[in-house]
Each structure stands twice: as C-alpha cells, then as structure tokens.
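Chemist: Next come a sequence and a model predicted from it.
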Amino acid sequence: MNNKKGPVSIAVLLLAAAFFIYTFYDFITSPATIIMQMDGDGVKNYFTFLYHCLYEKGVWFHGMNYPYGENVVFTDGQPFLSVPISYLSSVLHFSTETLLTIMHLLITASFVVAMVYVHKILRLFNVEQPLAIFFSALIILLSPQIFRLTGHFALSYCCVVPMVFYWLIQYHITNKLKYALYLYLIGAVAVFAHPYFLAMLMLWVGFYSVGYFLFTRNSIKQKVLHISPVLLSFAGVFATFKLYLIATDPIKDRPTFP
C-alpha cells in the first residue's frame, strides 16, 4: 500500500491541476492582466491588497478612512501576504502585474491543495481510489467558495476548510497531539487572510466538541482530555489574533457587530 502512496498523490495533483487549467484557463494563463471584478467589493479588495503591497509597510493601511487610516486586517487586505510583501517591495520593487500574479496563482494553488485534502478525507472513509480522485476534484469545483473569486479574495483560499476537517478527523482517530497543533497553525495563518476564518474554526471545533461529549461512551474525564487539545488550538488562534490587535490596533471602540 505504501508503495502506491507516491504515485497516487501525484495522480491527484495532476488531476487537480488539469481540472483547474481547464476551468480557469484565463485566470491561470493571464494572472497578471485579468481582473475578476471591477465594481463593489471586488475592485475595493484589489485596491487594498495592491496599495498596501506597493506603497506601505507594516500593518496600518492609509488608503482609506483619511486621515486616520485603518488596520489592514479589517480591509480585506490579506495581511498574511500583503504585510511581508510590503517590506520586500522596497527591495524587490514589485510591479502591479507581479503582485496580481502572486495573488491569483496562490488562490488557484489553494484549490489544488483543497482537492488533495478532500481526497485524503474520502480515502479515510474507504472510498475507492478512482472515485476518491474524481470526486475530490468535483467537490471542490462545486464548492460555494468558487464564488468568492468574484470579489472576496481573502475568503477564496479553499484549502483551509478541508485541511481543518482532515486534521480534526485524524485527531479523532489517532488522538495524536500533532494534529491539534496543525489546527492551530492553519487557523493562525487563515485568520490573517480574513477574520471570518476564525468564526469558521470556532463553529467547527465547537460542534465537534459538543458532539464528542454527547455521542461517545467514554468517561467524562476521557472526554475532557480528548477535546481539550482541540479547544486549546482554537483558543490559541483566538489569543494570537487578540494579541495582534492589542499590539497594532489603537482603536478601542470598534463595534462588536458592524
């Protein structure tokens, strides 16, 4: 079985790439020149990402809310990507075309990674190999996150959800703490793509914990010991984001429900 793992992984990657080259041919072949939306949130989110990368450094965005500016995390500016690029730009002098290429291809790569993780999930549930390969691609291509490509680019990193699902399933099966650590790591990155990923992680971890508590026959102590690392993973992501805001955001009266 192990001998087949490498070729199968390559087959999944090739199929995922083929699906997306066919489906998003213009998006992939012209990443430096294509614009997915020229009004509404789309043009605003292109602007915040590009302006921050080209003209600023750090976490504060001055392209709106004049003269005060705004924390880039609240502008859909993808700070996990735009903040490091904003420092590199002064050295490497990125062009607008290069930045568009980086963002477009990174989003596309996230869909390919998502297909790989959906394939892993299907195989965990003993779906036959040919069906697992085919439906891993089909499930992602029919995902609602496809529609985020028309404007909400920070939410279009499609790999986050299946990675969270897969690692939580693996933790459920094996009880290995490394999978709880992986949950923290993907959450800590995703929240700096868009804070809504924090809400997604909260819901998934919360429902899993309640479900595990209600529907398993282990003792109360065993249940608490099992779900504690998962809850700590979410708490770690929340604390990371909160500490970031404490350190970088001077605005103390933001509405809790905008």
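Modeler: Nice, I can see it.
Chemist: Just give the closest residue to V113, not the sequence neighbours.
Modeler: Leaving aside its sequence neighbours, V113 sits nearest to C159 (C-beta to C-beta, 6 or more residues apart in numbering; 4.0 Å). C-beta here means a position set from N, CA and C on the backbone, and glycine is covered the same way.
Chemist: What backbone torsions are found at that neighbour?
Modeler: Comment: the main-chain dihedrals of C159 come out as phi -80, psi -20, following degrees, to the nearest 10.
Chemist: So it sits against A114, correct?
Modeler: Yes. Applying C-beta atoms under 8 Å as the test, C159 and A114 come out as touching, 4.2 Å apart.
Chemist: Between the two, point out the one with more neighbours.
Modeler: In terms of neighbours (other C-beta atoms under 10 Å), A114 is the more surrounded of C159 and A114; the figures are 25 against 22.
Chemist: and the more buried one, what does it touch?
Modeler: Listed by C-beta atoms under 8 Å, 6 or more residues apart in numbering, the contact partners of A114 are I140, S143, C158, C159, V161, P162, M163.
Chemist: Swap in 7 Å and give it another go.
Modeler: Contact partners of A114, counting by C-beta atoms under 7 Å, 6 or more residues apart in numbering, are I140, C158, C159, P162.
Chemist: a strand runs through Q170, doesn't it?
Modeler: No. Judged by DSSP: H, G, I helix; E, B strand; the rest coil, Q170 forms no part of a strand; its state is helix.
Chemist: Could you number the chain from 266 rather than 1 from now on?
Modeler: Will do, 266 is the new start, and the previous item becomes Q435.
Chemist: quick one: the residue nearest to it when sequence neighbours are not counted from W432, how far?
Modeler: Leaving out its chain neighbours, the residue that sits closest to Q435 by C-beta to C-beta, 6+ apart is Y444, at 4.7 Å. Relative to W432, Y444 is positioned 5 Å away (criterion: C-beta to C-beta, to the nearest Å).
Chemist: the more surrounded of these two?
Modeler: When Y444 is set against W432 and neighbours are counted by other C-beta under 10 Å, the residue ahead is W432, at 24 against 20.
Chemist: and that one, what element?
Modeler: Counting by DSSP states H and E, the element that carries W432 is helix 425-439.
Chemist: Now do that helix: distance to the chain's middle.
Modeler: Computed by C-alpha atoms, centre = their mean, to the nearest Å, the separation of helix 425-439 from the middle of its chain amounts to 14 Å.
Chemist: related to what we said a few turns ago, is it true that the residue nearest to Q435 touches Y436?
Modeler: Yes. Look at Y444 against Y436 with C-beta atoms under 7 Å: they come within range, at 3.8 Å.
Chemist: From F376, how far off is the residue nearest to V378?
Modeler: 7 Å.
Chemist: Which positions within stretch 298-314 qualify as buried?
Modeler: Of the residues in stretch 298-314, those scored as buried under the neighbour-count criterion (16 or more other C-beta atoms under 10 Å) are M301, Q302, G307, K309, N310, Y311, T313, F314.
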